[in-house]
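Colleague: The following block contains a protein sequence and its predicted model.
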Amino acid sequence: YPIFECLSKYVLKDEKLTYTIRFQNTGNSEAINIYILDSIRPNLDINTLQVVEQSHVSLITEVLIGNVLKFRFDSIYLPDSLSNEAASHG
């Protein structure tokens, strides 16, 4: 592949992007059902999204109106960071 230089914040049209979400339960109790919302710029094709890895098997990914992604974890039972810091991450 030839190497191209792009201006900051720009990518080539067919370039794959890696999208990583990290989260932590910093509350004071176990998190049972959580979701994360993130707006994706309209010039990115949200329909080409592929989940390649996840921290918890209960992940449900939804595409909402307005190029919004919803990552839902039902029955995740994520410990809080005070009782189990290492396991409180996703």
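Modeller: Perfect, thanks for sending it. Residues are numbered from 1 along each chain as shown.
Colleague: use CA for all of it now, contacts and neighbours both
Modeller: Will do.
Colleague: which element is the residue positioned nearest the centre of the chain on?
Modeller: Ranked by distance to the mean C-alpha position of the chain (Cα atoms, centre = their mean), the top residue is Ile21 at 3.5 Å. Using DSSP states H and E, Ile21 maps to neither a helix nor a strand.
Colleague: so what's it up against?
Modeller: Applying Cα atoms under 8 Å, 6 or more residues apart in numbering to Ile21 gives no contacts.
Colleague: what's the distance between it and Asp38?
Modeller: Counting by Cα to Cα, to the nearest Å, the separation of Ile21 from Asp38 is 10 Å.
Colleague: what's the answer for Asp74, then?
Modeller: Remark: distance between Asp74 and Asp38 (Cα to Cα) = 18 Å.
Colleague: With Asp45 instead?
Modeller: Using Cα to Cα, Asp45 is found at 14 Å from Asp38.
Colleague: neighbour count winner among these two?
Modeller: Between Asp45 and Asp38, counted using other Cα atoms under 10 Å, Asp38 has the larger neighbour count: 13 against 10.
Colleague: helices or strands up against the helix or strand encompassing the more buried one?
Modeller: Assigned by DSSP H and E, Asp38 belongs to strand 34-39. Where contact means 3 or more Cα pairs under 8 Å, 6 or more residues apart in numbering; DSSP states H and E, strand 34-39 is packed against strand 68-73.
Colleague: Just want the angle from the strand it packs on to strand 34-39.
Modeller: Orientation note: strand 68-73 sits at an angle of 160 degrees relative to strand 34-39 (axes from the mean of the first three to the mean of the last three Cα atoms, to 10 degrees).
Colleague: Strand 68-73 pairs with which strands?
Modeller: strand 34-39 (antiparallel), strand 59-64 (antiparallel) (DSSP bridges).
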